[in-house]
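Q: quick one: sequence and predicted model below, then my questions.
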Amino acid sequence: MRPDRRTVLAGALAGAVAAPAIAKAKPGILTLYDPAEQAARAFAASQGGRAIAIEGDRIRLARRLFSQGAPERLTVIGRHADLLLLSEAAQEAGYRTLTSEPFPSDGLYLWTAIKRT
């Protein structure tokens, strides 16, 4: 199923808000997204880099991803509870928050961070 135009535009707008701060980051992009939400899937696809669905135990997922060579930029788009768990794990792994805001789709939130140098 293809995302509708409004969903893609909402994802692009959310990415544009974070773009100035993210532009300073080095290559290596990881986007974690809620696979049950069409808007989250469309946004993750538009970001480039790796996109991984948020499934299973969130803390184990985060630890596994951060131990495999942490990306320079991390974006999480999902439900508030997932955002809290994953952002906390990312901060423990050395990430600094750039943006944290509601996503222009009902019930989703967007969190973006970069790896501290």
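A: The structure has been received and is ready for your questions. Since this is a predicted model, take the numbers as computed values, not measurements.
Q: what about residue 51, which helix or strand?
A: strand 50-53 (DSSP states H and E).
Q: flag every buried residue along that strand.
A: Neighbour counts over strand 50-53 (16 or more other C-beta atoms under 10 Å) mark residue 51 as buried. From N, CA and C alone the C-beta is placed, and that goes for glycine too.
Q: so what strands line up beside that strand?
A: Neighbouring strands of strand 50-53 in its sheet, by DSSP bridges, are strand 29-33 (parallel).
Q: helices and strands around whichever helix or strand comes after the strand it pairs with, which ones?
A: As assigned by DSSP H and E, the chain's next helix or strand after strand 29-33 is helix 38-46. Judged by 3 or more C-beta pairs under 8 Å, 6 or more residues apart in numbering; DSSP states H and E, helix 38-46 is in contact with helix 5-22, strand 29-33, strand 73-78.
Q: hey, least reliable of those by pLDDT?
A: Sorting the helices and strands packed on helix 38-46 by mean pLDDT places helix 5-22 lowest, at a mean of 46.
Q: how many neighbours does residue 68 have?
A: Counted with other C-beta atoms under 10 Å, residues neighbouring residue 68 total 8.
Q: is it true that residue 110 touches residue 77?
A: Yes. In this structure residue 110 lies within contact range of residue 77 using C-beta atoms under 8 Å: 5.2 Å.
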